[in-house]
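> okay, sequence plus prediction incoming.
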Amino acid sequence: MSLIPARRSAASSPLRLLCLLSSLGVAPLAAASEPELTATVNPPEGKGGGEYVHRELYEHLTESQREEVWANIHRNIRALEAEGRLAPPTTLANASLAWPLRANGIPDPGYHGISNFVDHNPSYTGFIRDFNCGTRSYDTLSGYNHTGIDIYTWPFSWQKMDFNQVQVVAGAPGTIVYRSDGNYDRNCSFNSGNWNAVYVRHADGSIAWYGHLKNGSVTAKAVGSTVVQGEVLGVVGSSGNSTGPHLHLEVYDSTGKLNDPFQGPCNTLNGNSWWLAQRPYYDSAVNKLTTGGAPAVFPTCPTRETPNEKTAFRYGEPVYFTTYYRDQLNTQTSSYRIVRPNGTVFSSWTHASPAAHYSSSYWYWYWSSFAPTGPSGTWRFEVTFNGQTHVKTFTLSP
């Protein structure tokens, strides 16, 4: 998979903000995604943000690489069966998968987005149909129709990779039947390199592929070792044919036939969902809530992002309040509040995205001179979105 990040952003107070963003190394883009804001109490002085775009361009593995993977899997299975270390498949319909990612040491409410599902339209190029009859997938001129689920980390994918903040875990218990590690993991463009991956066969004979892992993070367990559901297999990375950190998950039934873990009206591969609890097609949620002294900076791949987070401020300092979303829809309204230490409301406003759907997006609101006279103490930045309220605290002092 290839992820090409871009930003479509907008901000008020254009001249002043242009100068500020330029000094911070943030490039303001077209104002087409100007956020709609309705304020009820003391509106923010400025605003900005927009969509953060992830685009799919290339196959994950070349045909020869796929053939090599399957050859290794089949050879290892034969050897393990001959040694009595791998039982014959059961008659279960298919394994039941738990979510294959886990946050590691970060308190944020979310950490991911989905850029692509399996493509169920066998034609190419540009003939796309995902399990829900939408077009959240891709194909290529070579005849490759996307064969898995692409789950990327958001926001700050490179920071999350560098600090091992999102782990890949086994969706179901099974036996490792192949693994690869040692491949470069900071790819940003099309390449013919191999990925780091773990391949797990389940009791029913089905096999899950977990690809693009961070170099050196792959489990030390050898082929033939068993793993339990939820066991760490590695860290989300950008190894192989990739332009950003993400997990590519493929599943095959006991006959080696590709399946789609997600069940929906246009799933032509299998009749049942593989998930213990299938997430909705639009899994709308807040991933992160921050306060800071400047907007986040998203540099050129693969440089680590600069979040510019900060939680302690002085009277009159600039403060930026930022919310990062996944699967944001324009039918969903966010309600924001900033609350003083005594519980009174300093500011409140609402916002709805201008676009029908953003896979990942972020919006920030700021005062260039926040609360020049205080009061001091612990303040609250709150957002209520899609039935959930999230809170970020920060302090203000003279």
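Everything's here; your move. Residues are numbered from 1 along each chain as shown.
> look up how far Ile106 lies from the nearest residue to Thr40 once chain neighbours are set aside.
Leaving aside its sequence neighbours, Thr40 sits nearest to Ser348 (CB to CB, 6 or more residues apart in numbering; 5.0 Å). (Each C-beta comes from the backbone N, C-alpha and C, glycine too.) Distance of Ser348 to Ile106, computed by CB to CB, to the nearest Å: 28 Å.
> residues near Glu317, how many?
If you count neighbours by other CB atoms under 10 Å, Glu317 ends up with 16.
> tell me who's in contact with it.
Gly293, Ser369, Phe370 (CB atoms under 8 Å, 6 or more residues apart in numbering).
> give me the buried subset of the residues you listed.
Buried residues within the contacts of Glu317, counting neighbours by 16 or more other CB atoms under 10 Å: Phe370.
> can I assume Gly211 is in contact with His246?
No. Counting by CB atoms under 8 Å, Gly211 stays clear of His246, with 9.2 Å between them.
> I'd guessed Gly230 sits against Trp99; true?
No. Counting by CB under 8 Å, Gly230 stays clear of Trp99, with 9.2 Å between them.
> please report phi then psi for the nearest residue in space to Arg279 that is not next to it in sequence.
Nearest non-adjacent residue to Arg279, counting by CB to CB, 6+ apart: Trp99, 7.7 Å away. Per-residue torsions, Trp99: phi -60, psi 130 (degrees, to the nearest 10).
> ok, so what distance separates Trp99 from Asn215?
Trp99 is 24 Å from Asn215, by CB to CB.
> how about Tyr184?
Separation of Tyr184 from Asn215 (CB to CB): 7 Å.
> ok now stretch 300-312, how far from the chain's centre?
Its chain's C-alpha centre and that of stretch 300-312 lie 17 Å apart, by CA atoms, centre = their mean, to the nearest Å.
> could you dump that stretch to CSV, C-alpha only?
This file holds the C-alpha atoms of stretch 300-312, laid out as CSV (Å, rounded to 0.1, in the frame of the first residue of the first chain):
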residue,chain,number,x,y,z
THR,A,300,7.7,15.7,3.9
CYS,A,301,7.7,11.9,4.2
PRO,A,302,9.4,10.3,6.1
THR,A,303,10.3,13.1,8.5
ARG,A,304,8.6,12.9,11.9
GLU,A,305,5.7,15.3,12.5
THR,A,306,5.9,18.2,15.0
PRO,A,307,2.6,18.2,17.0
ASN,A,308,3.4,21.4,18.8
GLU,A,309,1.5,20.1,21.8
LYS,A,310,1.6,22.1,25.0
THR,A,311,-0.5,22.1,28.2
ALA,A,312,0.9,25.0,30.3
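> related to what we said a few turns ago, need the overlap of contacts for Tyr184 and Asn215.
Ser239.
> so Trp70: helix, strand or coil?
helix (DSSP: H, G, I helix; E, B strand; the rest coil).
> what's around it, how many residues?
15.
> same check, this time on Arg186
18.
> what about it, distance to Trp209?
Distance from Arg186 to Trp209, by CB to CB: 21 Å.
> now Ala355
Taken as CB to CB, the span from Ala355 to Trp209 is 32 Å.
> the stretch 101-250 of the chain: strands as residue ranges?
Assigned by DSSP state E, counting those that start in this stretch, the stretch 101-250 of the chain shows strands spanning 101-103, 112-116, 149-153, 166-169, 174-180, 197-201, 207-211, 226-227, 232-235, 246-252.
> wouldn't the residue nearest to Thr40 be in contact with Phe321 here?
No. If you go by CB under 8 Å, Ser348 and Phe321 don't touch, sitting 12.0 Å apart.
> what sits in contact with each of the two?
Counting by CB under 8 Å, 6+ apart, the residues touching both Ser348 and Phe321 are Tyr336, Ile338.
> out of those two, which sits in the busier spot?
The neighbour count for Ser348 versus Phe321, taken as other CB under 10 Å, is higher for Phe321 (24 against 17).
> where does His120 fall, phi/psi-wise?
phi -100, psi 0.
> wait, it touches Cys266, no?
Yes. Here His120 reaches Cys266: they are 5.5 Å apart, a contact under CB under 8 Å.
> for Asn145, which residues make a bridge with it?
Under the criterion DSSP bridges, Asn145 forms beta bridges with Asp139.
> list the residues that contact it.
By CB under 8 Å, 6+ apart, the neighbours of Asn145 are Asp119, His120, Asn121, Pro122, Tyr124, Ser137, Asp139.
> select from the residues you listed the one having the most neighbours.
Highest neighbour count within those: Asp119, with 25 neighbours (other CB under 10 Å).
> distance of that one from Gly148?
10 Å.
> before we move on, what about Cys133?
Cys133 sits 19 Å away from Gly148, taking CB to CB as the criterion.
> Thr350 now?
With the distance defined as CB to CB, Thr350 ends up 37 Å from Gly148.
> so the two - more neighbours on which side?
Applying other CB under 10 Å to Thr350 and Gly148 shows that Gly148 carries more neighbours, namely 24 against 14.
> per-domain residue ranges of this structure.
Following automatic domain parsing, one gets these domains for the chain: 6-54+283-397, 63-259.
> where does the chain dip in pLDDT?
For the chain, the stretches with pLDDT under 70 are 1-36, 55-59, 93.
> so which residues of it form helices?
In the chain, the helices defined using DSSP state H lie at 14-24, 63-82, 157-162.
> how many other residues sit next to Pro89?
15.
> kindly report the same for Phe156.
25.
> report the separation between Ser368 and Tyr320.
From Ser368 to Tyr320 the distance is 10 Å (CB to CB).
> and these two? which has more neighbours close in?
Between Ser368 and Tyr320, Tyr320 has the larger neighbour count (other CB under 10 Å), namely 24 against 15.
> and the more buried one, what does it touch?
Residues near Tyr320 by CB under 8 Å, 6+ apart: Thr290, Thr291, Gly292, Gly293, Ala294, Pro295, Asn308, Tyr364, Trp365, Tyr366.
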